[in-house]
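Asks: Sequence and predicted structure below; questions after.
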Amino acid sequence: MALVAGVDSSTQSCKVVVRDADSGELVRSGRAAHPDGTEVDPRRWLDALHAAIDAAGGIDDVDAVAVGAQQHGLVCLDESGAVVRPALLWNDTRSAPSADDLVSELGGAQQWVDAVGVVPVASITAAKLRWVADNEPEHANRTAAVCLPHDWLSWHLGGASSLSSLATDRGDASGTGYFSARDDEYRVDLLELAFRGRRPELPRVARPSEGIGTTSAGATIGPGTGDNAAAALALGAREGDLVVSVGTSGVVSAVATVAPRDASGLVAGFADATGRHLPLVCTLNAARVLDATARMLGVDHDELSRLALSTTSEGLVMVPYFEGERTPNRPDATGAIHGLRLTNSTPAHLARAAVEGLLCSLADGIDHLVEQGATVRRVVLIGGGAKSEALRLLAPAVFGVPVDVPPSGEYVADGAARQAAWVLSGKDQPPNWEFSDVPRFEADPTPAVRQRYAEVRDLTDGV
Ligand SMILES: Nc1ncnc2c1ncn2[C@@H]1O[C@H](COP(=O)(O)OP(=O)(O)O)[C@@H](O)[C@H]1O
Ligand SMILES: O=C(CO)[C@@H](O)[C@H](O)COP(=O)(O)O
């Protein structure tokens, strides 16, 4: 039996799954925590990867491995391959003014969409490069190569021999702001614009099922990809499937054969891991809104969910911009509670408002994707937040459509494992792994909840 391993190096933790390459059956798994914070030394990701691999019983017996990881994070390397400064993560908003500068320097949002399908916001790698160039010129001058979290981990799995052996894939490259998913090529002019004339080496963009190296134990290393592209691959997403992920980020994405061109910047024109496109809306505030609300109420997640389901919100609305927001682009916004009355000032109402506020921000994301031409055949809910029963039960009410919730699992790591099996097979298409029956959640739509959220959403913008 050939085995493959898949990795999800996400914002909060590293997860490893080992699966049968032919059937996809789960053989074993492991995980390890990442440090907190919006800048992280990549070597801590490597520590967590090794700890997660150990927890999964090792990967010396696998034939192929691939890495999925959080998108956009900026890893700067010097001539020797050493890390120049801690990686700036996708949810680090200090680069917001740099993003605005880049948009105006190219002539506006439409110019960026025409060039790379993406309008820079703080999360996009190009904005982080500009921030380093303007604020840490000594680090910028030492930077000989730039890559993304998954590129860097794959490179280390393969021995990290030289900068020229760095490789990435189209899915993750499309989140940099200097790669066009539509034209399948780097825009070195935009890299230079972002890094103020510097031209660091970039990872080679491998084909979706191309091996990019071997581990010390001889396993083939797949190209890997960004976490959202990996999740789509795991779920076998087809046109009409909207994948909603509630992790640290809230993401709504859909595979498409045509690249979107959204000059409003709400929908990013990323690529998927199979050669198609992955129009995507991403928020900064998702599972941690529930974490914070549970903390405020002094309860655990199960109790938060029970409280939320024990009442309606009765006019209480939470706007969940706890960490600023990316979609809409309000990096300085804060969270807010609206509509407090003596009658709704209870832990249960607050719990309900938190779940509904989070779902309303995701529902806005669904609307944006539909406005960009996505069709909705089904909505699939994944990510750590989907473990909340309240989220599962209230999602179809707030979204106004039935919601499929696959069994709790590591879909990003699974997508990476499926890519590894694809690389191993040498075939045109990923292997046909069996999917178990997916429970469908249905509920009467509650448009009044969204209406009330829309009335107050824009009242708090910055401090
Ligand atoms: N039962 C639960 N209800 C709500 N949130 C949960 C539950 N269990 C875990 N989470 C949250 O899910 C998040 C982790 O999800 P995950 O998708 O792994 O995130 P990431 O990919 O960003 O690292 C954490 O914020 C965690 O607190
Ligand atoms: O920035 C994006 C997508 O554009 C995020 O989806 C990151 O890729 C982080 O994902 P999680 O760790 O929250 O799953």
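Replies: All right, it came through fine. Numbering: from 1, shown residues only. Ligands and ions are numbered 1, 2, ... in the order given.
Asks: Tell me the first helix or strand C-terminal of the helix ranked longest in the chain.
Replies: Counting residues, the longest helix found in the chain (DSSP state H) is helix 347-371. Remark: after helix 347-371, the chain's next helix or strand is strand 378-382, criterion DSSP states H and E.
Asks: the inter-axis angle of that following strand versus helix 347-371?
Replies: Between the axes of strand 378-382 and helix 347-371, defined by axes from the mean of the first three to the mean of the last three C-alpha atoms, to 10 degrees, the angle is 130 degrees.
Asks: if we can go back for a sec, so which elements touch the longest helix of the chain?
Replies: Under the contact criterion of 3 or more C-beta pairs under 8 Å, 6 or more residues apart in numbering; DSSP states H and E, helix 347-371 touches strand 241-246, strand 250-253, strand 277-283, helix 287-297, helix 301-308, strand 317-319, helix 389-399, helix 447-456. (Glycine included, C-beta is placed from N, CA and C.)
Asks: Kindly reformat these as a markdown table containing mean pLDDT.
Replies: Supplementary listing: the helices and strands packed on helix 347-371 in a markdown table, determined by pLDDT from 0 to 100:
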| stretch | mean pLDDT |
| --- | --- |
| strand 241-246 | 98 |
| strand 250-253 | 98 |
| strand 277-283 | 98 |
| helix 287-297 | 98 |
| helix 301-308 | 98 |
| strand 317-319 | 98 |
| helix 389-399 | 98 |
| helix 447-456 | 98 |
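Asks: closest one to Arg377 among those?
Replies: Arg377 lies closest to strand 241-246 among the helices and strands packed on helix 347-371, at 6.2 Å (C-beta to C-beta).
Asks: Buried by neighbour count: which residues of that closest one qualify?
Replies: Buried residues in strand 241-246, defined by neighbour count with 16 or more other C-beta atoms under 10 Å: 241-246.
Asks: Widest-spaced pair of these?
Replies: The widest separation within the buried residues of strand 241-246 (C-beta to C-beta) is 16.3 Å, between Asp241 and Val246.
Asks: Now render the buried residues of strand 241-246 as a markdown table, adding distance to ligand 1.
Replies: What follows is those, written out as a markdown table (distance: C-beta to the nearest ligand atom, whole Å):
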| residue | distance to ligand 1 |
| --- | --- |
| Asp241 | 18 |
| Leu242 | 17 |
| Val243 | 13 |
| Val244 | 12 |
| Ser245 | 7 |
| Val246 | 7 |
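Asks: of those residues, closest to Val255?
Replies: Asp241 (7.1 Å).
Asks: pretty sure the closest one contacts Val380?
Replies: Yes: the pair Asp241 and Val380 qualifies as a contact (C-beta atoms under 8 Å) at a distance of 6.0 Å.
Asks: Touching both of those two, which residues are there?
Replies: Leu235 (C-beta atoms under 8 Å, 6 or more residues apart in numbering).
Asks: interface residues of the chain facing ligand 2?
Replies: 10-11, 70-72, 90, 123, 175, 226-228, 247-249, 251, 280, 282 (C-beta under 6 Å from any ligand atom).
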